[in-house]
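# the sequence and its predicted three-dimensional model are supplied below.
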Protein chains: 2
Amino acid sequence: MIDFEKLKHVFPFFNQLNATDVFDFLAHTKVLSLNAGDVFLKEGSMGSNIYFVKAGLIRSYFVNEKGEEITNLIRYENQIFASYENVLFQQASRFNFQAIEPTELFVIDFTNLRDMIDRNSKFETGRRFFVNTIMAESLNAIDDFILLNPEKRYLKFMKENPELLNRVPIKYIANVLGITPVSLSRIRKRVATKKQ
Amino acid sequence: MIDFEKLKHVFPFFNQLNATDVFDFLAHTKVLSLNAGDVFLKEGSMGSNIYFVKAGLIRSYFVNEKGEEITNLIRYENQIFASYENVLFQQASRFNFQAIEPTELFVIDFTNLRDMIDRNSKFETGRRFFVNTIMAESLNAIDDFILLNPEKRYLKFMKENPELLNRVPIKYIANVLGITPVSLSRIRKRVATKKQ
DNA sequence: AGCAGTAATTATCTTTTGTTAACTCGGCTG
DNA sequence: CAGCCGAGTTAACAAAAGATAATTACTGCT
């Protein structure tokens, strides 16, 4: 079942919804249950889904010219994500999306959401929240790349996502930080010895 | 005067506007004329303006703890920008915005734009275009930081903005690329000698 | 023209990262 | 249980970037 308390925490606009609104919302959502390793959205595929992580952990990645998988996004509980190409531009997804752990996702079809918005303006707040959240994250990420060196980016990432260290391969984190796994390993050692 | 042909080129939704729509739009825009060096939007200030560069060139920057100005955005003709904190979150701008050359900007108050959208749904297309454009740029920029090393980022930047080299101090470009001006200078030398 | 101030390059040295490969450690499987 | 495989660390070297300072190139100004 859906944990509405968490939803309210994450999506402020939920507080404004009455029972009818909630029913309306639920009618347009699906739940997707995944096993660890499942790729549920493939590079090249179309769609207009927005995902909300109810439980578990996913990553987005692609395969570079050397055949290596490069992870560019990690999402876990109470976070929201989408294939931006799909949702924003009606284009094929550039990335694969894979569950890292057993994962439960809410799936909201953005096209349906648009219908809902037309019928109920309260949902507009939710849509805007989604877009603004992604935008804010993206802009902050860019500023971090401009401002911080890899070590500082790692420290900030760990501060903001302390639990991830035990849940994903470190090489995924290295990818997201824009450095090699070997270099991250050295940074981690450096940081560990610095602390004492 | 406004160059509608250019506007149509940059903003597809303009093609859908009739004379009345255009009049409506113009009633909510202002033109801002700036001299080189003018700071027209200061860190800490509020507002909800979206800017369109009619002519000239601007940058966004902030001052770090060492007192150095760090440029994080450069915009020129037919590009659109805003203080995202202002427009998306009704918060104080984190950055200063300065004209680098004599510059003419269209200023569109986003609050007014919202009124316009309510009265005329065609403008919704324009609003979405603005948001999607910024979003796409941001997401691409992040992928570039993850994927490309400084040299490749520089080459890509120059390919996409060939004219900028002669119009802004190179150190601004270095900032945007997330490297030091000294390092960019070396990269430029390396690239130049490689070519022959 | 001469001067001043800033930008850009170059030089030198230190630090960090990339690359490749070896090695260790667990987990998984036949 | 032995063997395998992948993740993570470590090592060694090359390449690149940061920091600082000196030098050169430009621009604007009087």
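Received the coordinates, thanks.
# so for residue A:128, what's the pLDDT?
We have a pLDDT of 79 for residue A:128.
# whoops, residue A:11 was the one
66.
# wait, residue A:143 sits on residue B:71?
No. Counting by Cβ atoms under 8 Å, residue A:143 sits too far from residue B:71 to count as a contact (11.8 Å). Yep, even glycine has a C-beta here, placed from its N, CA and C like the rest.
# so for those two, which sits in the more crowded spot?
residue B:71 (22 against 16; other Cβ atoms under 10 Å in any protein chain shown).
# next up, phi/psi of the more buried one, please.
Dihedral pair for residue B:71: phi -90, psi 130, per degrees, to the nearest 10.
# what about it, distance to DNA strand C?
Per Cβ to the nearest atom of the strand, to the nearest Å, residue B:71 is found 10 Å from DNA strand C.
# for that residue, name its beta-bridge partners.
residue B:61 (DSSP bridges).
# do the same with residue A:107
residue A:30, residue A:51.
# so it makes contact with residue A:33?
No. Under the criterion of Cβ under 8 Å, residue A:107 is not in contact with residue A:33, lying 10.9 Å apart.
# check which residues of the lengthiest helix in chain A are buried.
Longest helix of chain A, by residue count under DSSP state H: helix A:122-147. Judged by neighbour count (16 or more other Cβ atoms under 10 Å in any protein chain shown), helix A:122-147 contains these buried residues: A:122-123, A:125-127, A:129-131, A:133-139, A:141-147.
# same question for stretch A:165-176.
A:168, A:171, A:172, A:173, A:174, A:175, A:176.
# and what of stretch A:30-50?
A:32, A:34, A:40, A:41, A:43, A:47, A:48, A:49, A:50.
# show the average pLDDT along that stretch.
Across stretch A:30-50, pLDDT averages out at 93.
# distance between the ends of it?
11 Å (Cα to Cα, to the nearest Å).
# which parts of stretch A:16-27 are buried?
Using 16+ other Cβ under 10 Å as the burial criterion, the residues of stretch A:16-27 that qualify are A:17, A:21, A:24, A:25.
# wait, is residue A:78 part of a helix?
No. Counting by DSSP: H, G, I helix; E, B strand; the rest coil, residue A:78 is not found in a helix; it is coil.
# any idea which helix or strand comes after the worst-scoring helix or strand of chain A on mean pLDDT?
The weakest-scoring helix or strand in chain A, judged by mean pLDDT, DSSP states H and E, is helix A:4-10 (a mean of 64). Toward the C-terminus, helix A:4-10 is succeeded by helix A:19-26 as the next helix or strand (DSSP states H and E).
# by contact count, what packs against that next one?
helix A:110-119, helix A:122-147 (3 or more Cβ pairs under 8 Å, 6 or more residues apart in numbering or on different chains; DSSP states H and E).
# alpha carbons of it, as PDB, please.
C-alpha atoms of helix A:19-26 as PDB (Å, rounded to 0.1, in the frame of the first residue of the first chain):
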ATOM      1  CA  ALA A  19     -10.400  11.900  -0.600                       C
ATOM      2  CA  THR A  20     -11.700  12.400  -4.000                       C
ATOM      3  CA  ASP A  21      -8.500  14.000  -5.300                       C
ATOM      4  CA  VAL A  22      -6.500  11.100  -3.800                       C
ATOM      5  CA  PHE A  23      -8.700   8.600  -5.500                       C
ATOM      6  CA  ASP A  24      -8.300  10.500  -8.800                       C
ATOM      7  CA  PHE A  25      -4.600  10.400  -8.400                       C
ATOM      8  CA  LEU A  26      -4.500   6.700  -7.500                       C
END
